[in-house]
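Q: Build me a model from this:
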Amino acid sequence: MMSSWRRKGTPKTAKKILGIASSLLLILVLGAGLFPGGSPAGAGSRSAPLSLASLPEAISPAADAKLKVLAQALALVEEQYVEPKSPKDLIYGTIQGAVSTLDSHSSFMTPEEYRELQIETKGKFSGIGIEITLKDRILTVVSPIEGTPAYRAGLLAGDQIVKINGATTKNMSLTEAVKSIRGPKGSKVVLSINRQGFAQPKDFVIVREIIPIRSVKARIIDGGIGYVRVTNFQDQTDSDLHGYLTKMHQRLNPFKGLILDLRNDPGGLLEQAVRVSDEFLNSGLIVYTEGRSAHQSMRFYAHPGEKTGVPAPMVVLINEGSASASEIVAGALKDQKRAYIVGSKSFGKGSVQTIIPLEDGSALRLTTALYYTPSGITIQDKGIIPDEVVKEPEIPSGKDLQKFREETLTKHMRKEGLTDKPWSQPVTEAELKQDPQLKRAVEILQNWPPKKMAQKPEQQPK
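A: Take a look at the predicted model:
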């Protein structure tokens, strides 16, 4: 049964909600275009909280009319819905609904969710250790972080998460998914995974752990070659990288080459991607972004000076788990002919999200721009194409991925993994045979330079 009603004037509740909705919806509609404090970055970036006092005092008559309709609708829900709903719940729900009509990377975060995002970039949180995204509106694994519960369980880049603890992920936002997957140390989460080759989704039961992420690891290779692995880009990545490079220059004489391993690196902070790239470049464009407003269209350049990452020959390793910030680094070094790229095509996550804090501690995560490599190539949905394609090692016959990774974990526990041994202990020939991509990188450096790096690009975007 349906009923209808009419009421003259504007009810008090509607007036109250109108004031709240007008302010919050203005922020949502006008977004980052008004606020230079919102800096383009990857997940985990922060900017100064906004002040509602900085918003325009008046809006267009058309927008004002729509806001009144919104306020009336929210008041009706608050007064007539079968269960009581607070103005806060209604306003948050309205913003979440509006943002859900945008692209898959934009989202609204409650104060709790925003705090979780900030914790993640500090390098320690409780969860299973995966980076996720919405690809074609499907919750998708970008990459499991090496050594974490997700990695040991056998999750792969490109896996589709169709259920979390039995609840469908259809129409679930990224922030909702992250909140559902994370939880207290020792608790379990069940992910239903759809993967190419699966007849039907398979359940993965994973025990959550504290995930301390050491973003930079290193080894040396006989013949004066350094090996550095970056697992993600967080606050201290550039300084940790600089430290290892300094030690390598002191240990390796001469320093004949460097391998930068970005495989299964899901990305992180844009600022760190720029700083890491700058470590290997003395000049030229690193990356540029283009958005709707002038301050969202930015250019990031390398700075001249003595640097630990220059001028040794360099090979960068990437695969389908390399995304976002790692693609910026690989793209910059490839276009500037600074490094030779080996592996397989990267993930293709080339949009810029700006984190805009709101006054109550909540925040908007808005896609405000796309980023491009120095030669003008967009990474979004295309990824970085390696100069030389080398397949990753196949799982031995008779073993499944989970068993293979459990054996790898056992090696880590015995300090036998590639990056678990002291950085100054040379990589052995046996270790190289287990990693065809790394082995090929060593061969390239031993026979430097590759033919494809004969010339630098003639033109760059202005």
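
Q: ranges for the strands of the stretch 151-300 of the chain?
A: Assignment of strands within the stretch 151-300 of the chain using DSSP state E, counting those that start in this stretch yields the ranges 160-164, 167-168, 188-194, 202-207, 209-212, 216-221, 225-230, 257-261, 285-291, 298-301.

Q: Out of those strands, which is closest to residue 430?
A: For residue 430, the closest of those is strand 216-221, at 12.9 Å, according to Cβ to Cβ. Where you see a C-beta, it was placed from the backbone N, CA and C, and this is true even at glycine.

Q: Quick check: buried residues in the closest one?
A: Buried residues in strand 216-221, defined by neighbour count with 16 or more other Cβ atoms under 10 Å: 216-221.

Q: What of stretch 303-313?
A: 307-309, 312-313.

Q: hang on, isn't residue 325 packed against residue 275?
A: No: counting by Cβ atoms under 8 Å, residue 325 stays clear of residue 275, with 10.3 Å between them.

Q: And these two? Which one has more around it.
A: residue 325 (32 against 19; other Cβ atoms under 10 Å).

Q: Relative to residue 158, how far out is the more buried one?
A: Counting by Cβ to Cβ, to the nearest Å, the gap between residue 325 and residue 158 amounts to 19 Å.

Q: Endpoint to endpoint, stretch 423-432 covers what distance?
A: End-to-end distance of stretch 423-432 (Cα to Cα, to the nearest Å): 16 Å.

Q: Ok, stretch 426-442 next?
A: Start and end residues of stretch 426-442 are separated by 13 Å (Cα to Cα).

Q: List just the nearest of the buried residues of stretch 303-313 to residue 172.
A: Distances from residue 172 to the buried residues of stretch 303-313, taken by Cβ to Cβ, are shortest for residue 309, at 40.7 Å.

Q: one step back: where among the strands of the stretch 151-300 of the chain is the average confidence lowest?
A: Among the strands of the stretch 151-300 of the chain, strand 209-212 carries the lowest mean pLDDT, at a mean of 82.

Q: roughly how far is that one from the heart of the chain?
A: 18 Å (Cα atoms, centre = their mean, to the nearest Å).

Q: Could you give the average pLDDT over stretch 102-122?
A: 79.

Q: Report the buried residues of that stretch.
A: Within stretch 102-122, the residues scored as buried using 16+ other Cβ under 10 Å are 104-110, 113-114, 116-117, 120-121.

Q: ok, now stretch 133-142?
A: In stretch 133-142, counting by 16+ other Cβ under 10 Å, buried: 133-135, 139-142.

Q: OK, contacts around residue 185?
A: Neighbour list for residue 185: 126, 208-210 [criterion: Cβ atoms under 8 Å, 6 or more residues apart in numbering].

Q: Swap in 10 Å and give it another go.
A: The contact partners of residue 185, taken as Cβ atoms under 10 Å, 6 or more residues apart in numbering, are 126-127, 207-211.

Q: What's the ChimeraX syntax to select whichever of these are buried?
A: Buried residues among the contacts of residue 185 (16+ other Cβ under 10 Å), as a ChimeraX selection:
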select :126,127,208,209,211
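
Q: Find residues that contact each of residue 325 and residue 275.
A: 233, 237, 269.

Q: which one of those has the most neighbours?
A: Counting by other Cβ under 10 Å, top hit in the shared contacts of residue 325 and residue 275: residue 233 with 31 neighbours.

Q: That one touches residue 131, doesn't it?
A: No: with contact defined as Cβ atoms under 10 Å, residue 233 does not reach residue 131; the gap is 11.2 Å.

Q: overlap in contacts of these two?
A: What both residue 233 and residue 131 touch, as defined by Cβ under 10 Å, 6+ apart, is the set 43, 265-268, 324.
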